[in-house]
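1. Curious how this folds, go ahead:
(4 chains)
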Protein chains: 2
Amino acid sequence: MRADILRAAKSEFAKKGLAGTSVKDIADRIQTSRRMIFYYFGDKEGLYRKVLEDAYSSIRQAEMELHLDGLDPLEALKRLVEFTFDHHWRNSDFIRLVMGENIHDGHYMKQIKSMHETNTKVIDQLTRICNAGKKEGRFREDIEPLQLHWEISALSFFNVSNKATFSINFGDELYTDEGQAALRARIVDCVLCSVTPKT
Amino acid sequence: MRADILRAAKSEFAKKGLAGTSVKDIADRIQTSRRMIFYYFGDKEGLYRKVLEDAYSSIRQAEMELHLDGLDPLEALKRLVEFTFDHHWRNSDFIRLVMGENIHDGHYMKQIKSMHETNTKVIDQLTRICNAGKKEGRFREDIEPLQLHWEISALSFFNVSNKATFSINFGDELYTDEGQAALRARIVDCVLCSVTPKT
DNA sequence: ACTGCATTGTACCGTTTAGTTAATTTATTT
DNA sequence: AAATAAATTAACTAAACGGTACAATGCAGT
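-> Got it, this is the predicted structure:
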């Protein structure tokens, strides 16, 4: 039951945000009463926090299952970009939760402490790739792992977060199967190119 | 008065979204009553639509004031990227409104018809730059203006939209003055590099 | 002074909302 | 089988909400 509520809540919060979702909406999706939500999670915000926390930890867990160490640095980076792009696409609910959090200036995310630890791992991984690449002279010396992560995130995140408005404004040719494949190839190219020394 | 309401509403909707903002919130910000909002805009959604429409048209108008035709194509592209990056940064309310719209799957933006026309202008401008660059052999032949616009938007948009969560997760070193300057230089580099033929 | 119109204030309505009280059923332990 | 704890239901509260009815005000033109 608790798990059912969490699942339904994640979907509802992702679709309509914290304020836009009523506890009734969530209760009606599954076969339960509003009361149960308060029983398990105290209040609406408590549920929201739990949804957010779970979403983050499950995402980060999946991200850690890539083993890129030992690979050719450029190949490792390529795989990381491709994975991030695909992963964001597959987890649009998570993306939407993050969008909501940003509208709240991350107010609720600040309260989740488990965050900082897992996030440093992502940067560590990228740092190892960068160091390996620099040692081989195939990465520019001035590449900052954090900036690189920002760049990969931006391209992968925006693809999902702004799908609706971008499609309305410019048509959905970038959101067909072919369009997405082309975009994916393009951002891989773009990221790899940007770390490569200019002869 | 009408203008006051629009200004206050824009700020409130940007900060808390459509559902998160009450008509009272808006009325209290300026010296007026809820009644006036309904008088001028019919209902809350009507006000929201108007805010959205105005925000978009004023943004697009500013974007059009760049005259890049005739410039060196790479220089033109560089200026466009820099402008977009700065412009998004300066107009964070607009960014937040777009974020909100994406959470609603662009439901309200679909109803604004003035959109498609202004948006094609952005792409046309980029198409001219690309064509000039290709003619001189300084742009890759396979560069798609729409993809390029997507790329520039993604990097500039994400920088603002995800400032809160990114800072929480990875520290705010990218959001200091120096960090932003470095980021700006980096994405210019990245975009220019990605359109340049490899040899 | 009168008319017409845009603007504002007040009071109200019905609905939805988050959250609670308390009783009841179900499951678990002793 | 009794006792105890966990899970669930139903009815309720109080406040906030979007929206409306209607009267009142101010101000132009005639």
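
2. Please point out which parts of the longest helix seen in chain A sit buried.
-> Across chain A, the longest stretch assigned as helix under DSSP state H is helix A:114-135. Using 16 or more other Cβ atoms under 10 Å in any protein chain shown as the test for burial, helix A:114-135 gives A:115, A:118-119, A:122-123, A:125-130, A:132-134. Where C-beta positions appear, they are placed from N, C-alpha and C, glycine not excepted.

3. quick one: the helices in chain A?
-> A:2-20, A:23-29, A:34-41, A:44-63, A:73-90, A:92-103, A:114-135, A:145-161, A:163-170, A:177-195.

4. can you redo these as a markdown table with mean pLDDT and distance to DNA strand C?
-> Formatted as a markdown table, the helices of chain A follow (pLDDT from 0 to 100; distance: least, Cβ to the nearest atom of the strand, whole Å):
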| stretch | mean pLDDT | distance to DNA strand C |
| --- | --- | --- |
| helix A:2-20 | 95 | 8 |
| helix A:23-29 | 95 | 4 |
| helix A:34-41 | 94 | 4 |
| helix A:44-63 | 91 | 4 |
| helix A:73-90 | 96 | 28 |
| helix A:92-103 | 97 | 14 |
| helix A:114-135 | 89 | 23 |
| helix A:145-161 | 98 | 24 |
| helix A:163-170 | 96 | 23 |
| helix A:177-195 | 97 | 35 |
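
5. hang on, the earlier thing: helix A:73-90 and the longest helix of chain A, what's the angle between them?
-> Taking axes from the mean of the first three to the mean of the last three Cα atoms, to 10 degrees, one finds helix A:114-135 and helix A:73-90 inclined to each other by 150 degrees.

6. List the contacts of helix A:114-135.
-> By Cβ atoms under 8 Å, 6 or more residues apart in numbering or on different chains, the residues outside helix A:114-135 that reach it are A:53, A:56-57, A:60, A:63-64, A:66, A:68-69, A:73-74, A:76-77, A:80, A:109, A:139-141, A:143, A:145-146, A:148-149, A:195, B:168-170.

7. How far off centre is it?
-> Distance, stretch centre to chain centre, for helix A:114-135: 16 Å (Cα atoms, centre = their mean, to the nearest Å).

8. For it, C-alpha coordinates in PDB please.
-> Taking C-alpha atoms only, helix A:114-135 is exported to PDB below (Å, rounded to 0.1, in the frame of the first residue of the first chain):
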ATOM      1  CA  SER A 114      21.700  11.600   1.300                       C
ATOM      2  CA  MET A 115      22.200  13.800  -1.800                       C
ATOM      3  CA  HIS A 116      25.600  15.200  -1.600                       C
ATOM      4  CA  GLU A 117      27.300  11.800  -1.100                       C
ATOM      5  CA  THR A 118      25.900  10.200  -4.200                       C
ATOM      6  CA  ASN A 119      26.500  13.200  -6.300                       C
ATOM      7  CA  THR A 120      30.100  13.400  -5.600                       C
ATOM      8  CA  LYS A 121      30.400   9.900  -7.000                       C
ATOM      9  CA  VAL A 122      29.200  11.100 -10.400                       C
ATOM     10  CA  ILE A 123      31.900  13.800 -10.400                       C
ATOM     11  CA  ASP A 124      34.500  11.400  -9.200                       C
ATOM     12  CA  GLN A 125      33.800   9.100 -12.100                       C
ATOM     13  CA  LEU A 126      34.100  11.900 -14.600                       C
ATOM     14  CA  THR A 127      37.300  13.100 -12.900                       C
ATOM     15  CA  ARG A 128      38.900   9.700 -13.400                       C
ATOM     16  CA  ILE A 129      38.000   9.800 -17.100                       C
ATOM     17  CA  CYS A 130      39.300  13.300 -17.500                       C
ATOM     18  CA  ASN A 131      42.600  12.500 -15.700                       C
ATOM     19  CA  ALA A 132      43.100   9.400 -17.900                       C
ATOM     20  CA  GLY A 133      42.400  11.400 -21.000                       C
ATOM     21  CA  LYS A 134      44.700  14.200 -20.000                       C
ATOM     22  CA  LYS A 135      47.500  11.700 -19.300                       C
END
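
9. With that, I have no additional questions.
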